[in-house]
Each structure stands twice: as C-alpha cells, then as structure tokens.
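[1] Quick one, fold the following:
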Amino acid sequence: MSTSTTSPAADARVRLLGIRHHGPGSARAVRRALETAPPDLVLVEGPADADPVLGLAGDPAMDAPVALLGYALDHPERAVFHPLASFSPEWVALTWALGAQVPVRCIDLPTRVVLAPPPADAPRAAAVRARPLDPIGDLARAAGYDDPERWWEDAVEHRLDGGGDALDAPFPAIAEAMAAVRREHEPGGAPSDPVERRREAHMRQAIRAALREGHRDVAVVCGAWHVPALAAALPGSSAAARRGGAAADAAELRGLPKVKAAVTWVPWTHRRLASATGYGAGVTAPGWYHHLYEHAGPDVIARWFAEMAQVLRAADHAASAADVVEATRLADALAALRGRPLAGLAEVDDAARAVFGHGGDTPMRLVADELVVGNRIGRVPPATPMVPLARHLAAEQRRCRLRPAAGTKVLELDLRRPLDLERSRLVHRLALVGVPWGREADGRRSAGTFRETWQLRWEPELEVRVIEASALGTTVPAAAAAAVLQRAARANGLGELTVLLEQVLLADLGDVVGEVLALVAERSAVASDVERLLESLPPLVRTARYGDVRGTSATRLDDVVAGVVSRAVAGLPAAATGLDEGSSASLAALVREAQAALSLLGHDGHLAALHAALVQVTAAPRVHGLLQGVATRLLADAGVLDATETERRVSRSLSGGTPPLEAAAFVEGFLGASAAVLVHDPLLLEVLDGWLASLAGDAFTDVLPLMRRTFGSFEPAERRAIGERIRTGEAPGTRRGAVELDRERVDAALRTVAQLLGVPT
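    Sure thing, here's the model as predicted:
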C-alpha cells in the first residue's frame, strides 16, 4: 500500500458496489457496472496479503470454484478459507480486472492479522458475535416476507437484468437500505464487534490510500452490509467526521498482533459452498446459482429442466421433451401467481415434482446432489504456490491418473496391475500422513487377495492437512515414513504396533519396515497379556500373507508370528479361567479371530498349538460356558473332535447337573452365528431339543432370552430348516407322530382359537 500523502483529486470518484456474497444477480450487476464504465482501480473485499497471488485468477487453467487459503507458517493447522464461485461478485470483479488489465487489490484485514492470537478484547467480541444479526431478515420482514432468501432474490437478484443505468441501479438502493438497518443495530455509528471495526477501518484506509495514489475512478466490491461504513472514506463524506476519519482508523489498527502467514489458491467444491455444510456465507443451492449465472436469459428455466431431464433419464426415470416444456410453463405460471419476477428454486422444485414426479419427491431426490448442490470441483494452475509436499502429491495424482473429485468415487483395484498397485500405495500413504482421501469399503479381509475397493472423496480441508503434513517431508513417501516412525514411538501396545506394521506394508514403505518390525519383535518378546497377544495376530498374519502379493517383503515376520502364537497359547487356559460373561465374550471373539487368521496363514504347527490350548480350555473347571462352547465348536470344525466326541461334550455340558444359564451360555458359544451344525447333525439337534424339553418352567424362563438371542442371529433359512426337522421328526428322539394327543383337549384349544379369530366352529 502506498504511503504517499498526496491529496486525492477533487473529481475522484469511488463507486461502492454493495453485493451479496455468492449472488448470481449481484455478480451480473458488478460485471455490467465495470464494463459500462471501466474504473482505473478495482478493490475487492478479501485478505490484503493475497495480492501477490491474485494474478493467478487470470490463468486459463484456473477454474472456479476455488478459495484463497491463508495459513500460519508456524502453525499450518490454523487456516482460513475465502471461497469464490463463478457466480461470486468478487470473483467476477477480479477476473474482469485481470482481463481488462486494470489494477486490482484486496482490502480486508490481512491473514497475518486474522490468524494471530486474539487481543485482550476477544471475550467481548465473542459475546457480541453470539447475538444473531440478520439485516436481510430485517428488510424482508419490513417488506412483508417471511423468507429472507426469497425477498433478496425478488428484490435484488432477479431484478438486476431489468435495464437502467448500471452505475445508478441497484447499488444506491442497496446502500440506502443497509444504512437504515445499520442505524437501527448500531446507533453509535460503529460496530460493537471489534473484529468488524478493524475490518472496516482497514478497508477505509485502503480506499484512502488508493485515492492518495492518484486513482480517479475506483470501484469497490464489498458486502452490502459494509457500504455505509466504507462511505466514510469518500471525499467530503459527512460520516468521516462522525467516525473520526483516518486518524481514528489508524488508531483502531495500531498494535494489532501478527503472525507469519502465507496465502495461496486451492480448489473448492460446490458442496462446500452450501450453507448446509456450516459455511456461514453459504448458499442453499450452489449448482442452481451457477446455472442462473452461466445461462442468464429468457430460457434459463427451460435450460434447467433440460439438464434435469438428462439426469433423470440417466437414472432410468421417464423424462421427455414434452415434460421439459410443461415443467417450464408451470414454473413460470407459479412465479406469476406468487408475484415473483422470475421463477425461483421453490417454483422449479414444485413444477418438477408435479410434472416429472407426478406429485412425488423422486425427481428432486435424484437431482439434488448433482444439480441443485452440484459436485463441481475447481482447479488451480500448476504455477500456484504450494508447499513441496502438495506439489509432489499433485504429481503423484497425475501419475496414478487419480484426479481429486468432489463426489464420492468408487475405485476398484486389482493389485496384480501395476497402475492399480501404485494407486493403492498412494492412498495408503496419504492415510498414514493424516490425509484420509479414501475409505476402504471392501478389501483384503473379504474380497480376495488381489482386490481392494475404495471410496474416494476429496474435501477442501484436505489441502490444509497436506500443508500440516509438509513438516514431515517433501514427498509423500518421505512424509509417510516420518509419520510411521512418530506413531511407532508413541504406540501404547503390541496391537497398535502390529496394525501400524500392516499399514506400512500396504503403503510399501520398505525403508521403515525393519524399524517397526524390530519394535514389534521387542514388544512381543516381553508381552504377557494373552488378549493383547491374540489381538495382534490378525494384522500380523495379514501382513505376512499379503506382503508377497503386493511385491513387498516382511523379513523376520514369521519368527515374530511364531513367538506371539507360542506365548498366546501358553497363557490361554489360565487367562480363560474365572472370567465373567463380558470378559469371556471379549476373549471368545479374539480366539475366533486368531483361529481364522492362523487358518488363513496355513501353518499347521501354529494351528495345532492353538487347538491344544483350546482342548485344555474345554476341560478346565472354572471356564465360562460361553468360552467352552466357542472352544468346542472351533475344535469340532477343525476336525480335532469327531462327531461322536462332539456330541458327548455337548451332552455333558447340557446335562442335568449343569446350571441352566451356564448351559445356555455354552449353546450360545457353540452355535455362534451359524446353525449349520444343527441343520446337518440331527444327533446334536436331538441333544439340544431334549435339553430344552427337560427344563422346568422357571429355568426355561431364565434361559429364554439367551436362546432367543442365539437363534435370532441365524439366517431365516437356517431357522426354517431346524423347525422343519423338528416338525417332521427327522431328528432322533423328536418324532412327534409317536406322541398320543388328547383329542378332547385339542378340540377345546381349537375352539378357543377359532373364537379369537372370529371363525365359525
């Protein structure tokens, strides 16, 4: 900013173009005002230290929506975004100025001040901001509207194409209306919020500096709310004397704390522009506003319905050209009936529901995300200032042909293909540095060795995460390796370390595998907690099993697995003794997972050791019935117990000497979530059926909830098969046809049921 003390020329003109942020009508009015009478300087509400990167907005590779990102260099997690869309008046002013080769500046408080620790009056500022201030709502209520958004669209946005001198309308009317509202809310003439006072003082100082530099025609594009306050900077303004003029503004800004900060451009999305995401200056329908700005004219509504028809037809929903014509006519008619100058989103929605949905909401549910909000994501040019890590990530995304997208993208990877393997490594590495671009929806655990399924969604906030992670390294692999070493040093237990080791192998960070593996070996050598040892087995086995598939190596991993197995099985019988129901259920789940993992590994010695420990668990006297049931089932499924021995052990556990609740717990553990053993083994079904039939009334009532929970976990087909076997007497000892029925008692019961159902007897 110039420090010249030259007085402004007497005929200098400052035009205050009060706008609504992200208003398509305001954007068109700003463009028309600038094109009709080009100024020699454009000032835009935005962070003043963004001036060095403003020129990038004129690069053909820049595509809105984008955002100015300001962040503190020493604390990059402290950041602020200034989003701009194609229909944002500030973006229109900026791109017009760059195209017309007119100087352009930002005049709001610089980022280095905004991100500084708050001054002493911050608590009072927070208290003031807690009170809602809604100037548009006040004006809407004064005009008899119950919807502020609808009033602004009718009074401003939808009327801005209605002819007249672009220099005189609609901005003077907006300024007058805002001045009236500010007089009501700020009787002292200045905001009570110190942050707002400083912002407006800084903008006034920037206007004065521009006039001192000799600019004779200055256009200021700012929020409509600020127009009355900025008028105090105009030559000859009476408001200047009331506010104390330049001296008062300088005093307001003197001594403000500052931090080292940087400002750059980052891509933004329409979804993040939506007010539903919590963005304070957001709009309800960014996709709709983008359409209004790009296709302004008499056919704007017809174009919208044509795009809607394309979306509906792509989803196999009927949408004809005749429907487009009918919906357009209906929307226009609704606007006329409601006294609106142009059909708004409400009329468009109503017309779409009536014509395309035949009174239902299906069409709007289909088009809401794609059209009304939109999945549009911006783009910044390669010359945009980036931290080295961000630049390397962009290169990796291009190399892997993975362009960031605002919507959720499902990515199916076949790890046998080199490109898919590189994509997998990139997403895993980003997860390690705290940039969760993808979420694994279906992968190695259930879909086979060579397949991964990811859901990718790029959020603007991930740009800040990348900047934060830049302290770890200048490339994605280097940053991921540094993050791994930090996490390994802070790991609390063996389970956390083994999960980290698996992630390292998936990300192919060979340089740190040895260090993490050494920590795993060290921790496992001294670990004595059986649950933690069992918990570490699945990730260790997956690492060993799938390391070769991904072309990575896990040296000494087999020795680590062997050590963990030997210590876990040695302590398992003692660890299973004396546990309550909750602890038994937890240990049982770990035992099942360990069995599945070792079966996947296919090491007969490890499985034999686990099965030997489970045999001891089934024979121990103080082991909970649930654990005994799980152990018995695992041994039976593995063939360690044959059918005869399995039936003998089940019969013993369900004998009359076993308390009913303990027997029910055994049944729950033995059956688990699968009834296949009962469907295919009629002798076991006979044992269970006989035990239930032998229970006394009170005991049956006690075990009923457990049995309902157990059988409720079965598939419907399994339950039907069991019922059919019982009904037909296919299970030995359950032949209901051999039971003599008391005909008199049966007839009495049937008559009672008939009366309840209203059926004549």
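
[2] Out of the helices and strands in this structure, which is least certain?
    Every helix and strand of the chain was ranked by mean pLDDT, DSSP states H and E. The lowest is helix 122-129, at a mean of 44.

[3] Could you point out the helix or strand that follows it?
    Counting by DSSP states H and E, the next helix or strand C-terminal to helix 122-129 is helix 135-142.

[4] mean confidence for that following helix?
    Helix 135-142 comes out with an average pLDDT of 78.

[5] Then stretch 54-67?
    93.

[6] Test my guess that Leu685 contacts Gly723.
    No. Between Leu685 and Gly723 no contact is recorded; they are 10.9 Å apart, counting by Cβ atoms under 8 Å. Backbone N, C-alpha and C define where each C-beta goes, glycine included.

[7] what about those two, which has more around it?
    Leu685 (22 against 10; other Cβ atoms under 10 Å).

[8] Next one: that one relative to Leu692, how far apart?
    11 Å (Cβ to Cβ, to the nearest Å).

[9] same thing with Asp361?
    According to Cβ to Cβ, Asp361 and Leu692 sit 50 Å apart.

[10] try Pro621
    Pro621 is 25 Å from Leu692, by Cβ to Cβ.

[11] In which helix or strand does Val266 reside?
    Val266 belongs to strand 261-267, assigned by DSSP H and E.

[12] From the contact counts, what lies against that strand?
    helix 51-54, strand 66-72, helix 111-114 (3 or more Cβ pairs under 8 Å, 6 or more residues apart in numbering; DSSP states H and E).

[13] Check what contacts the last one and list those residues.
    With contacts defined as Cβ atoms under 8 Å, 6 or more residues apart in numbering, helix 111-114 is touched by 47, 49-50, 70-71, 80, 198, 256-263.

[14] Could you export the helices and strands packed on strand 261-267 as a markdown table, including distance to Ala394 and mean neighbour count?
    A markdown table is the format used below for the helices and strands packed on strand 261-267 (distance: least, Cβ to Cβ, whole Å; neighbours: other Cβ atoms under 10 Å):
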| stretch | distance to Ala394 | mean neighbour count |
| --- | --- | --- |
| helix 51-54 | 17 | 17 |
| strand 66-72 | 15 | 24 |
| helix 111-114 | 23 | 22 |
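
[15] Which among the ones you listed is found nearest to Leu234?
    helix 51-54 (22.7 Å; Cβ to Cβ).

[16] Put the alpha carbons of that closest one into CSV.
    Extracted in CSV, the C-alpha atoms of helix 51-54 (Å, rounded to 0.1, in the frame of the first residue of the first chain):
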residue,chain,number,x,y,z
ASP,A,51,-2.4,-9.5,-3.7
PRO,A,52,0.7,-11.5,-4.8
VAL,A,53,-1.4,-14.5,-6.0
LEU,A,54,-4.4,-12.6,-7.4
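
[17] what sits up against that helix?
    With Cβ under 8 Å, 6+ apart, helix 51-54 has contacts from Leu68, Leu94, Leu98, Val104, Arg105, Cys106, Val263, Thr264, Trp265, Thr384, Pro385.

[18] if we go to 7 Å?
    Leu94, Val104, Arg105, Cys106, Val263, Thr264, Trp265, Pro385 (Cβ atoms under 7 Å, 6 or more residues apart in numbering).

[19] just stretch 138-147 next, same as before
    Looking at what lies outside stretch 138-147 - Cβ under 7 Å, 6+ apart - the contacts are Pro148, Trp151, Ala177, Val181.

[20] Mark out where each domain of this structure begins and ends.
    Taking automatic domain parsing as the reference, the chain has its domains at 13-268, 282-374, 388-476, 533-738.

[21] Contact partners for Val311?
    Contacts for Val311 (Cβ under 7 Å, 6+ apart) come out as Leu366, Val367, Glu370, Leu371.

[22] do that again at 6 Å, thanks
    Listed by Cβ atoms under 6 Å, 6 or more residues apart in numbering, the contact partners of Val311 are Val367, Glu370.

[23] Could you pull out the buried residues of the helix or strand hosting it?
    Using DSSP H and E, Val311 sits within helix 300-314. If you call a residue buried by 16 or more other Cβ atoms under 10 Å, then helix 300-314 has these buried ones: Val300, Ile301, Ala302, Trp304, Phe305, Ala306, Glu307, Met308, Ala309, Val311, Leu312.

[24] so Gly473, which of the three states?
    coil (DSSP: H, G, I helix; E, B strand; the rest coil).

[25] Tell me how many other residues crowd it.
    Residues near Gly473, counting by other Cβ under 10 Å: 18.

[26] what does Leu43 give?
    29.

[27] quick one, phi psi at it?
    Phi and psi for Leu43, reported as degrees, to the nearest 10, are phi -110, psi 130.

[28] Which pLDDT value belongs to Leu413?
    90.

[29] Please give the element, helix or strand, for it.
    Per DSSP H and E: strand 409-414 holds Leu413.

[30] Next, count neighbours for the nearest residue to Ala471 once chain neighbours are set aside.
    Closest residue in space to Ala471, ignoring its immediate chain neighbours: Pro76 at 7.7 Å, by Cβ to Cβ, 6 or more residues apart in numbering. Neighbourhood size, Pro76 [other Cβ under 10 Å]: 20.

[31] Wait, Pro76 touches Glu468, no?
    Yes. With contact defined as Cβ atoms under 6 Å, Pro76 reaches Glu468; the gap is 4.8 Å.

[32] starting at the chain centroid, how far to stretch 193-204?
    With Cα atoms, centre = their mean, to the nearest Å as the basis, stretch 193-204 stands 34 Å off its chain's centre.

[33] Ala368: how many residues sit nearby?
    Ala368, neighbours per other Cβ under 10 Å, totals 15.

[34] on that earlier part again, in helices, which of the contacts of stretch 138-147 fall?
    Pro148, Trp151, Ala177, Val181 (DSSP state H).

[35] Distance of the second one relative to Arg78?
    In this case it means Trp151. Trp151 is 37 Å from Arg78, where distance means Cβ to Cβ.

[36] Who are the packing partners of the lengthiest helix in the chain?
    In the chain, taking DSSP H as the definition, the longest helix is helix 581-601. For helix 581-601, the packing partners by 3 or more Cβ pairs under 6 Å, 6 or more residues apart in numbering; DSSP states H and E come out as helix 530-547, helix 625-637.

[37] coming back round to it: may I see the domains of the chain arranged in CSV, with distance to Ala521 as well?
    Listed next are those as CSV, based on distance: least, Cβ to Cβ, whole Å:
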stretch, distance to Ala521
domain 13-268, 35
domain 282-374, 49
domain 388-476, 21
domain 533-738, 5
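
[38] looking at these, which is closest to Thr498?
    domain 533-738 (4.1 Å).

[39] List the contacts of the very next helix or strand once past the strand holding Val266.
    Counting by DSSP H and E, the next helix or strand C-terminal to strand 261-267 is helix 270-273. The list of residues contacting helix 270-273 from outside it, by Cβ under 6 Å, 6+ apart, reads Pro83, Ala85, Gly282, Pro286, Gly287, Val373, Gly374, Arg376, Ala406, Pro460.

[40] do that again at 8 Å, thanks
    Residues outside helix 270-273 that contact it (Cβ under 8 Å, 6+ apart) are 22, 65, 83, 85, 277, 279, 282-283, 286-287, 290, 373-377, 406-407, 459-460.

[41] Narrow those to those in helices?
    Among the contacts of helix 270-273, the ones falling in helices (DSSP H) are Pro286, Gly287, His290.
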